[in-house]
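Trainee: just the structure for this:
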Amino acid sequence: MRRCFRYEYVIKTLIIFGIYIFNILYFTFIYSKLPFLSIFILLSFPVLIIYSMRLTLQRYHDLGLSGWYIFLFSYIPIVNTIVSFFLFFKKGNCEINEYDEAINYNKLFKDRHCINIYDKIFIVDNEEYQYGRYLNKYTIKISNYGENNFFTEYLSKKYPSNMEDEYYRTNRITYRAIEITAEEFNNLIKQMNFIVIINSFYVKIKEFDVFIRKEDFKYTIILDKNINTISKESLGIINFPGLFFEDNKYIYYKKINKNDLSMWAKNVA
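Mentor: The predicted structure follows:
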């Protein structure tokens, strides 16, 4: 479950509180005039409670805390009031934490094909390919029951079947194994002009591994200094949008609106 940053939490909590007040006023002053609305008002209470708990849980995640705190503190009189003030006014950590989620990169780069690479699988256009790595060689498994997308067609033409190909079954699905070198695999990505995504978290932009998240209704681009070699010249070439600042671990570009992010993505891709 993702983080909920402070400003977003405050706005959404105030909206929920406003709906609660409206519901109370309805049953106090309006019910006799519009009784048919009562069923919708009553149904809204459990929805608001569940959504409020979810929002609070996400706010704890923003502070790097476990969701169990919601049960420890949120329902103890007096303590829950103190905790509410804490959640309203405590600024979250800008750094990437274990609860961070990236935006949908496939949607951001909608005019380009994306390859999402994990440890043992990669995904192209929602089609999953199993693969293994040993030294400088990759073994890609192509399912006979997979979608016949452009990438599968490309692999089938470039590496046609022959009598020495390895076929095997896993859970009643037949696979054909294609063996290529790591260099061939990387060249294949370049030839296909893929946007490379790593573990649905980082997206490769030029020489950078970039993380993009939604933050307080806008977007933030983050570069981890531990995994990126950064210079002023390289940053200037890519021309990241947003308000720039940095700390010891990260470089941030914050408060980017959707249109600016989409335009930037279109230009760098």
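Trainee: Asn93 versus Val83, what's the distance?
Mentor: 18 Å (CB to CB, to the nearest Å). For the C-beta atoms, the positions are set from N, CA and C on the backbone; glycine is no exception.
Trainee: tell me how the protein divides into domains.
Mentor: Domains of the chain are assigned by automatic domain parsing as 6-89, 117-192, 197-268.
Trainee: closest to Asp100 out of the ones you listed?
Mentor: Shortest distance between Asp100 and these, using CB to CB, is found for domain 197-268: 5.8 Å.
Trainee: any idea how far that closest one is from the chain center?
Mentor: 14 Å (CA atoms, centre = their mean, to the nearest Å).
Trainee: tell me the buried residues in the helix or strand hosting Ala177?
Mentor: Taking DSSP states H and E as the criterion, Ala177 maps to strand 173-181. Buried residues in strand 173-181, counted by 16 or more other CB atoms under 10 Å: 175-178, 180.
Trainee: minimum distance to Asp111: which of the domains of the chain has it?
Mentor: domain 197-268 (7.1 Å).
Trainee: buried set for the helix or strand hosting Asn80?
Mentor: Per DSSP H and E, Asn80 falls inside helix 79-89. With burial defined by 16+ other CB under 10 Å, the residues of helix 79-89 counted as buried are 83, 87.
Trainee: what's next to the helix or strand that comes right after it, contact-wise?
Mentor: For helix 79-89, the following helix or strand on the C-terminal side (DSSP H and E) is helix 105-108. With contact meaning CB atoms under 8 Å, 6 or more residues apart in numbering, helix 105-108 is reached by 114, 116, 195, 197, 200, 203, 212, 261-262, 265.
Trainee: so how far is Ala182 from the nearest residue to Asn93 once chain neighbours are set aside?
Mentor: Once flanking residues are discounted, Asn93 sits nearest to Gly64: 6.2 Å by CB to CB, 6 or more residues apart in numbering. Look at Gly64 and Ala182: by CB to CB, they are 37 Å apart.
Trainee: I'd like the average pLDDT over the strand or helix carrying Leu72.
Mentor: Counting by DSSP H and E, the element that carries Leu72 is helix 69-73. Per-residue pLDDT values over helix 69-73 give a mean of 69.
Trainee: before we move on, the earlier item: for the helix holding Asn80, list the C-alpha coordinates in CSV.
Mentor: Output in CSV follows, covering the C-alpha atoms of helix 79-89 (Å, rounded to 0.1, in the frame of the first residue of the first chain):
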residue,chain,number,x,y,z
VAL,A,79,-4.1,9.4,22.6
ASN,A,80,-5.9,9.3,19.3
THR,A,81,-6.3,13.1,19.4
ILE,A,82,-2.6,13.6,20.0
VAL,A,83,-1.9,11.1,17.1
SER,A,84,-4.3,13.0,14.8
PHE,A,85,-2.4,16.3,15.4
PHE,A,86,0.9,14.4,14.8
LEU,A,87,-0.4,13.0,11.5
PHE,A,88,-1.6,16.5,10.5
PHE,A,89,1.6,18.4,11.2
